[in-house]
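S.K.: The sequence and its predicted three-dimensional model are supplied below.
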Amino acid sequence: MLLEVPSGAWADAVSRRLLLWLGPLLTAVGFTLWVLIPSYGAFALGFVLWGAGGALGSGALEALVYEELDRLGAADDYARVMGRARAAGLVAVMAAMGLAGPVLALGGYPLVGAASVLTCLLTAAVATRFPEHRSTVAGSGSRYGTLRAVRRPDRPVTAALLLVAAVGSVWGALDEYTPLLVRDTGVPDWAGPYLLLLIWAGATAGSLLAGPGERLGAAGFAGLLAGSALALAVGALARAPAGLVLVAVAFGGFQLASVLADARLQRRIDDSARATVTSIAGLGTELATVAVFGAYAAVGSRTGHGTAFAVFAVPYLLTAALVAGTGVVARRRRERS
């Protein structure tokens, strides 16, 4: 979190591509420490390096992709491209979950660690091939534009920042508790992973719908949030395996909404501060996620996981109402003008 915004400013001042290949290398060093020096200090440092690597890429990736698409006259494809990228990431996570057991059985923890380091190195290699045509000269004008955009963001940018955090934080925290939600349905342990795959298949499908989802206006976006919230609440309260189908639908809707919220933010940011402002959105999402963790601990320990999931559907209903109300006000202003 401490590195989130400074790394975004660095990406704006120097090079987005540079940070995208440096980040995975830091993560690779952390994983190497875990394998070679398995100790408390090594694991603590490894997590710091992993977090730092993630911070370097946060904001830089979105800024690079949007500006390169804009250079090609294809900025409208941003949501579709990022949706496909996130879907590919989710599929990779599911594949890794399935492969972890056989790899661990074949070569133990060292082989898992070696595979993780290799993945990071391949990621860095791919990042070096990303196109970047913007000027990377960190002049005083560029720095001033970045600072001004951060200190005095206009109202549409502020609203888009808050929307990104509101959409991404709650379900981003709830996904950590999905194994407990699955267990509470009473299924045998061997069936748990398959039901988790169902939930993440829903999130993957949501990412792939980002292209068509771009056509949603304020009312459609609000309806997406509200419908996903209701699906989450009903599915969680069912406390049955069949209810997890609705949870999967909800996660798909939230994933789609997260991609669309990011696309709306990118359309409102000045190019000179794009990575910085996107990093601020990432920081806000992370802080809100930590707050949800604390609130979930208080609610879940008293009510159970099904009820807790339903309770955390409420913030999405409130966000949907605000988005719908803002859309009505904006439409009336356009009609008057």
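M.R.: Everything's here; your move.

S.K.: do you know how far residue 334 is from residue 218?
M.R.: Note on residue 334: its distance to residue 218, by CB to CB, to the nearest Å, is 12 Å. Quick note: C-beta positions are derived from backbone N, CA and C, even for glycine.

S.K.: Comparing the two, which shows the higher neighbour count?
M.R.: Per other CB atoms under 10 Å, whichever of residue 334 and residue 218 has more neighbours is residue 218, with 16 against 8.

S.K.: Leaving out sequence neighbours, find the closest residue to the more buried one.
M.R.: The spatially closest residue to residue 218, leaving aside those adjacent along the chain, is residue 327, at 2.5 Å (CB to CB, 6 or more residues apart in numbering).

S.K.: which residues make contact with the helix or strand hosting the one you found from outside it?
M.R.: Assessed by DSSP states H and E, residue 327 sits inside helix 314-336. With contacts defined as CB atoms under 8 Å, 6 or more residues apart in numbering, helix 314-336 is touched by 159, 163, 166-167, 170, 217-219, 221-223, 225-226, 228-230, 232, 254.

S.K.: Could you rerun that using 10 Å?
M.R.: Residues from elsewhere that reach helix 314-336 (CB atoms under 10 Å, 6 or more residues apart in numbering): 156, 159, 162-163, 166-167, 169-171, 217-230, 232-233, 250, 253-254, 257, 261, 288, 292, 295.

S.K.: Next, count neighbours for residue 305.
M.R.: So residue 305, with other CB under 10 Å, has 22 neighbours.

S.K.: biggest helix in this protein by residues?
M.R.: Counting by DSSP state H, the longest helix found in the chain is helix 78-127.

S.K.: any idea how far the residue nearest to residue 218 lies from residue 223?
M.R.: Taken as CB to CB, the span from residue 327 to residue 223 is 11 Å.

S.K.: Mind listing the shared neighbours of these two?
M.R.: residue 217.

S.K.: What residues does the closest residue to residue 61 other than its chain neighbours make contact with?
M.R.: Nearest residue to residue 61 in three dimensions, chain neighbours excluded: residue 20, at 6.1 Å (CB to CB, 6+ apart). Residue 20 makes contacts with 11, 56-57, 60-61, 64, 123-124, 126-128, 130, 132, as judged by CB under 10 Å, 6+ apart.

S.K.: what does the model give the residue nearest to residue 218 for pLDDT?
M.R.: If you check residue 327, the pLDDT there is 72.

S.K.: and it, how many neighbours?
M.R.: Neighbours of residue 327 (other CB under 10 Å): 16.

S.K.: likewise the one 5 residues further on?
M.R.: In terms of burial, residue 332 registers 10 neighbours under the definition other CB under 10 Å.

S.K.: now swap in residue 220 and tell me
M.R.: Residue 220 has 15 nearby residues by other CB under 10 Å.

S.K.: May I ask which helix or strand encompasses it?
M.R.: helix 218-238.

S.K.: next one: that helix to chain centre, how far?
M.R.: 19 Å (CA atoms, centre = their mean, to the nearest Å).

S.K.: mind listing what the closest residue to residue 107 other than its chain neighbours touches?
M.R.: Nearest residue to residue 107, sequence neighbours excluded (CB to CB, 6+ apart): residue 114, at 7.8 Å. Contacts of residue 114 were listed using CB under 10 Å, 6+ apart, and they are 31, 32, 35, 103, 107.

S.K.: Residue 96 versus the last one, what's the distance?
M.R.: Pointing back at residue 107 there. Residue 107 is 15 Å from residue 96, by CB to CB.

S.K.: The first one now?
M.R.: Distance, residue 31 to residue 96, using CB to CB: 13 Å.

S.K.: Tell me which of the two has more neighbours.
M.R.: Legend: neighbour count by other CB under 10 Å for residue 31 and residue 96, higher for residue 31 (21 against 14).

S.K.: Just the C-alphas of the helix or strand containing the more buried one, formatted as PDB.
M.R.: Using DSSP H and E, residue 31 maps to helix 16-36. Once non-C-alpha atoms are left out, helix 16-36 reads as follows in PDB (Å, rounded to 0.1, in the frame of the first residue of the first chain):
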ATOM      1  CA  ARG A  16       5.200   2.100 -17.600                       C
ATOM      2  CA  ARG A  17       6.800  -0.800 -19.300                       C
ATOM      3  CA  LEU A  18       9.900  -0.500 -17.100                       C
ATOM      4  CA  LEU A  19       7.800  -1.100 -14.000                       C
ATOM      5  CA  LEU A  20       5.800  -3.900 -15.600                       C
ATOM      6  CA  TRP A  21       9.000  -6.000 -16.000                       C
ATOM      7  CA  LEU A  22      10.600  -5.000 -12.800                       C
ATOM      8  CA  GLY A  23       7.600  -6.000 -10.600                       C
ATOM      9  CA  PRO A  24       7.700  -9.700 -11.500                       C
ATOM     10  CA  LEU A  25      11.400  -9.900 -10.900                       C
ATOM     11  CA  LEU A  26      10.900  -8.700  -7.300                       C
ATOM     12  CA  THR A  27       8.300 -11.300  -6.800                       C
ATOM     13  CA  ALA A  28      10.600 -13.900  -8.300                       C
ATOM     14  CA  VAL A  29      13.300 -12.900  -5.700                       C
ATOM     15  CA  GLY A  30      10.700 -13.300  -2.900                       C
ATOM     16  CA  PHE A  31       9.700 -16.800  -4.100                       C
ATOM     17  CA  THR A  32      13.400 -17.800  -4.400                       C
ATOM     18  CA  LEU A  33      14.000 -16.800  -0.700                       C
ATOM     19  CA  TRP A  34      11.000 -19.000   0.300                       C
ATOM     20  CA  VAL A  35      12.600 -22.000  -1.300                       C
ATOM     21  CA  LEU A  36      16.300 -21.500  -0.500                       C
END
